[in-house]
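# below is the sequence, then the predicted model.
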Amino acid sequence: MGAIVVITPLIIAGWPAITAAVTAAVGSLGFTLAQGAAANIQRADTTTRCEVDIEDSQILESSAGSGEELVVVKDSIRAVFSRDARGALKLSLEGKNISKAELKQLGDELVGRVTQQYAYHRIITELKSRNMAIVEEQVQADRTVKIQVRSI
Amino acid sequence: MASPAPKNFEISIDPSGKVSFHSKGAKGSACHDWADLMVEILGRQESRLLTGEFYESAEEHAKRTLDNKTRR
């Protein structure tokens, strides 16, 4: 008992941290990182597109500039994480033989998993720097991560 | 920010990224210290629910312990 606080994480990070979160997150939804030719899908009349803006985010501009993007693919679906003009994280999706609503739902799930991974790493890093011990970690059936923490 | 008083707590991160922080065994303002830290490092607080233990200050706890010892 004590206090129960619900928090919506704001993603504020450099591109390397975003890359790490995306890499760790997308596998759980069947996506894989794609590079080169594998990052492109053959477009057809049946290609559907949608964009998911992640308002609670700020990608810190690196010395390499703002041209970073990360492509993940699953079957005929291609999802691109990038930094938009305002510096926020943006997800663009396109896929064949899929409705816009289904694509949007998939996009929301991807963003959720990336946010989950980002929050997880942020919490673990902070706890370790404060000499707190992770007593137990569990991933539940609904993919909720539970962490039990105690002071050392 | 300095580390708050050490306590036990549970953190849940759901698949949408939402974080629930549950402090256990912390009394009075110690409940808030870790919760505030989590909010500070993660982002925006959506809600905060104080449970019974919050109202049990460390002072009350100490008094009760002393009373119990006196009775023995």
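Structure's in. What do you need?
# which positions in chain A make contact with chain B?
For chain A, the residues found near chain B under the criterion CB under 8 Å from any CB of the partner chain are A:1-10, A:56, A:108-109, A:111-116, A:118-120, A:122-123, A:126, A:130-132, A:142-152. To be clear about C-beta, it is placed using only N, CA and C from the backbone, and glycine gets the same treatment.
# now a PyMOL select for only the buried ones of those.
A single PyMOL command selects the buried members of the residues of chain A next to chain B (16 or more other CB atoms under 10 Å in any protein chain shown):
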select buried, chain A and resi 1+2+3+4+5+6+7+8+9+10+56+109+111+112+113+114+115+116+118+119+120+122+123+126+130+132+144+145+146+147+149
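# among the residues of chain A next to chain B, which lie within strands?
A:2-9, A:132, A:145-151 (DSSP state E).
# run the chain-centre distance for the longest helix belonging to chain A.
Across chain A, the longest stretch assigned as helix under DSSP state H is helix A:100-129. Relative to the centre of its chain, helix A:100-129 is centred 5 Å away, using CA atoms, centre = their mean, to the nearest Å.
# okay, angle between that helix and strand A:2-9 too, please.
Computed with axes from the mean of the first three to the mean of the last three CA atoms, to 10 degrees, the direction of helix A:100-129 lies at 120 degrees from that of strand A:2-9.
# what about helix A:100-129, average pLDDT?
Here helix A:100-129 scores 94 as its mean pLDDT.
# can you report how many residues lie near residue A:75?
A count of nearby residues for residue A:75, using other CB atoms under 10 Å in any protein chain shown, gives 12.
# where's residue A:91, which helix or strand?
Following DSSP states H and E, the helix or strand that holds residue A:91 is strand A:89-96.
# what does that strand contact?
For strand A:89-96, contacts defined as CB atoms under 8 Å, 6 or more residues apart in numbering or on different chains pick out A:11, A:18, A:41, A:43-44, A:46-54, A:57, A:59, A:75-84, A:103, A:106-107, A:110-111.
# among those residues, which ones are buried?
Buried members of those, counted by 16+ other CB under 10 Å: A:11, A:18, A:41, A:48, A:50, A:52, A:54, A:57, A:59, A:77-83, A:103, A:106-107, A:110-111.
# now residue A:35: closest residue in space that isn't a chain neighbour?
Among residues not flanking residue A:35 along the chain, residue A:71 sits closest, at 7.3 Å (CB to CB, 6 or more residues apart in numbering or on different chains).
# return the backbone torsion pair for that neighbour.
Backbone torsions of residue A:71, given as degrees, to the nearest 10, read phi -110, psi 130.
# pull up the gap between it and residue A:95, please.
In this view, residue A:71 and residue A:95 are 13 Å apart by CB to CB, to the nearest Å.
# if I look at the two, which residues touch both of them?
Common neighbours of residue A:71 and residue A:95, using CB under 8 Å, 6+ apart, are residue A:78.
# sorry, back to before: mind checking which of the buried ones among the contacts of strand A:89-96 land in helices?
The members of those that map onto helices under DSSP H are A:18, A:103, A:106-107, A:110-111.
# residue A:135 versus the residue nearest to residue A:35, what's the distance?
If you measure residue A:71 against residue A:135 using CB to CB, the figure is 38 Å.
# give me the more crowded residue out of these two.
residue A:71 (21 against 11).
# could you pull out the strands for chain B?
In order along the chain, chain B carries the following strands (DSSP E): B:8-13, B:19-24, B:43-50.
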